[in-house]
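Trainee: Kindly return the folded structure for what I paste below:
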Amino acid sequence: MEIAGGLKLISRSPEDTLLLGRIIGENLVRGDVIALVGELGTGKTTITQGIARGLGISEKYYITSPTFTLINEYPGNVTLYHLDVYRLTGPDDLNDMGYEEYFFGDGVAVIEWAEKIKDILPDDALHIVLSYREGSERDIEIAGTSQRVSGIKEKFKEGGLL
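Mentor: Just a heads-up that it's a prediction; the model follows:
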């Protein structure tokens, strides 16, 4: 999934990726959908862990990728629906499970391997693409509505990340 424009960052470590996720999570609202794209090991689950903490989800919940269960649900200030659609062949596989409840419901949906279901993602989804650099460094590209991306950019500046 190609994204144009948006915000481009470099994460120097998993801790940076967690912090970026936390800041993003602190700025999400009910009904938001986050589409994560990246190869295996680029940090999709790590950024989701940060998003969870930003949503106020307790440290007692260890955030793991729901590769075999498809969806993990975590209660917090806002419920996190963490989907991993790696094993799906496409968007039709989600129809039977009522994905609309997760995409348009009362929580925030974070979807790993979102490129597999790009045709059913909401137009206002926030897209985050993670890719390898050297060692533990990652390129992170964030795209979405201009208002959303500028809001996140401001929060990154306030946090000293830009």
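Trainee: In the chain, what helix or strand scores lowest on average pLDDT?
Mentor: Ranking every helix and strand in the chain by mean pLDDT, DSSP states H and E puts helix 92-95 at the bottom, with a mean of 72.
Trainee: list the buried ones in the following helix or strand past it?
Mentor: Going down the chain from helix 92-95, the next helix or strand is helix 100-103, by DSSP states H and E. Residues of helix 100-103 classed as buried by neighbour count (16 or more other CB atoms under 10 Å): 102-103. Backbone N, C-alpha and C define where each C-beta goes, glycine included.
Trainee: Which neighbours in the sheet does the helix or strand encompassing E141 have, and how are they oriented?
Mentor: Secondary structure assignment for E141, by DSSP H and E: strand 138-143. When pairing is defined by DSSP bridges, strand 138-143 lines up against strand 7-11 (antiparallel), strand 126-132 (antiparallel).
Trainee: Ranking the ones you listed by mean neighbour count, which comes first?
Mentor: Most buried of the strands paired with strand 138-143 by mean neighbour count (mean count of other CB atoms under 10 Å) is strand 126-132; its value is a mean of 21.
Trainee: Quick check, pLDDT for the residue of the chain most remote from its centre.
Mentor: Going by CA atoms, centre = their mean, the residue of the chain most distant from its centre is D96, 22.9 Å out. The model reports D96 with a pLDDT of 72.
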